[in-house]
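Chemist: the amino acid sequence is not available; the structure is as follows:
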């Protein structure tokens, strides 16, 4: 078990809305301020620091004792990604990456426990996720899925086009534009103008667009001219398992435009 994962387990137990008293007690004994928050830096900086490593082992034990059924959002995100074939992603690293955004997401659900965890660490509740992000940087751990080789994207996009600017901070790898906006883009002026505006907005934040449900040659040629970086649909081929021999894409069933 990684050091970050050990101390994360303890903090997760404090945030569970239905945490039993014995579990919270164990979590507080394994709190970041008393064990993990200081010791993990020392153990990372000097692997021969036996005292710091002993403290991290104690933190791992206390985090394990505080286990309850149902591990929450961090594990629900890290488990499926860790099971992907070929990537061999480290479970503790994924947990560390997901912890700050989950802290933000859970802030309204359990404010009292979030306040308690912040006091244990010695920061304000608002600064809690930021404190964990800074620790990630200090330990040389990734903060974005893209750093681990992922290209996280959004499918069926288009209905909430006005919010496209908010997507910049998510670090997305691509947007797939819904086929209802693609159909007839070569013959309908209103759709052409809409897709053109979407492409310009996406290009301004370096976000590639991929077209869904491309059905005609005219649609495909228009999309290529507008700057789309890929497409999928019956014109381009039915979805199929990805293979290096017969695909120019990093996604099954997607054709990448030669730039």
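Modeler: Okay, I see it. Note that the structure is predicted; figures quoted are calculated from it, not measured. Numbers count the residues shown, from 1 in each chain.

Chemist: report how many residues lie close to residue 162.
Modeler: A count of nearby residues for residue 162, using other C-beta atoms under 10 Å, gives 8. The way it works is simple: take the backbone N, C-alpha and C, and place the C-beta from them, glycine included.

Chemist: go on, residue 119?
Modeler: So residue 119, with other C-beta under 10 Å, has 14 neighbours.

Chemist: helices or strands up against the one helix or strand it maps to?
Modeler: Take DSSP states H and E as the rule and residue 119 turns out to sit in helix 111-121. Helices and strands touching helix 111-121, as assessed by 3 or more C-beta pairs under 8 Å, 6 or more residues apart in numbering; DSSP states H and E, comprise helix 3-15, helix 128-138.

Chemist: helices along the stretch 51-200 of the chain, start to end?
Modeler: In the stretch 51-200 of the chain, the helices defined using DSSP state H, counting those that start in this stretch lie at 73-82, 91-106, 111-121, 128-138, 179-182, 189-204.

Chemist: Throw those into TSV and include distance to residue 156 and mean pLDDT, thanks.
Modeler: Output for these, formatted as TSV (distance: least, C-beta to C-beta, whole Å; pLDDT from 0 to 100):
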stretch	distance to residue 156	mean pLDDT
helix 73-82	21	85
helix 91-106	22	88
helix 111-121	33	82
helix 128-138	29	90
helix 179-182	8	95
helix 189-204	13	93
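
Chemist: ranking those by burial, who's on top?
Modeler: helix 91-106 (a mean of 20; mean count of other C-beta atoms under 10 Å).

Chemist: phi and psi next, for residue 209.
Modeler: Residue 209 adopts backbone torsions of phi -110, psi 140, taken as degrees, to the nearest 10.

Chemist: was I right about it contacting residue 198?
Modeler: Yes. Using C-beta atoms under 8 Å, residue 209 is in contact with residue 198, at 7.0 Å.

Chemist: between the two, which contacts overlap?
Modeler: residue 177 (C-beta atoms under 8 Å, 6 or more residues apart in numbering).

Chemist: now do the helix holding residue 119: distance to the chain's middle.
Modeler: Remark: helix 111-121 is offset 24 Å from the chain centroid, using C-alpha atoms, centre = their mean, to the nearest Å.

Chemist: quick revisit: dump the helices of the stretch 51-200 of the chain into a markdown table; add distance to residue 162 as well.
Modeler: Output for those, formatted as a markdown table (distance: least, C-beta to C-beta, whole Å):
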| stretch | distance to residue 162 |
| --- | --- |
| helix 73-82 | 28 |
| helix 91-106 | 23 |
| helix 111-121 | 31 |
| helix 128-138 | 27 |
| helix 179-182 | 14 |
| helix 189-204 | 10 |
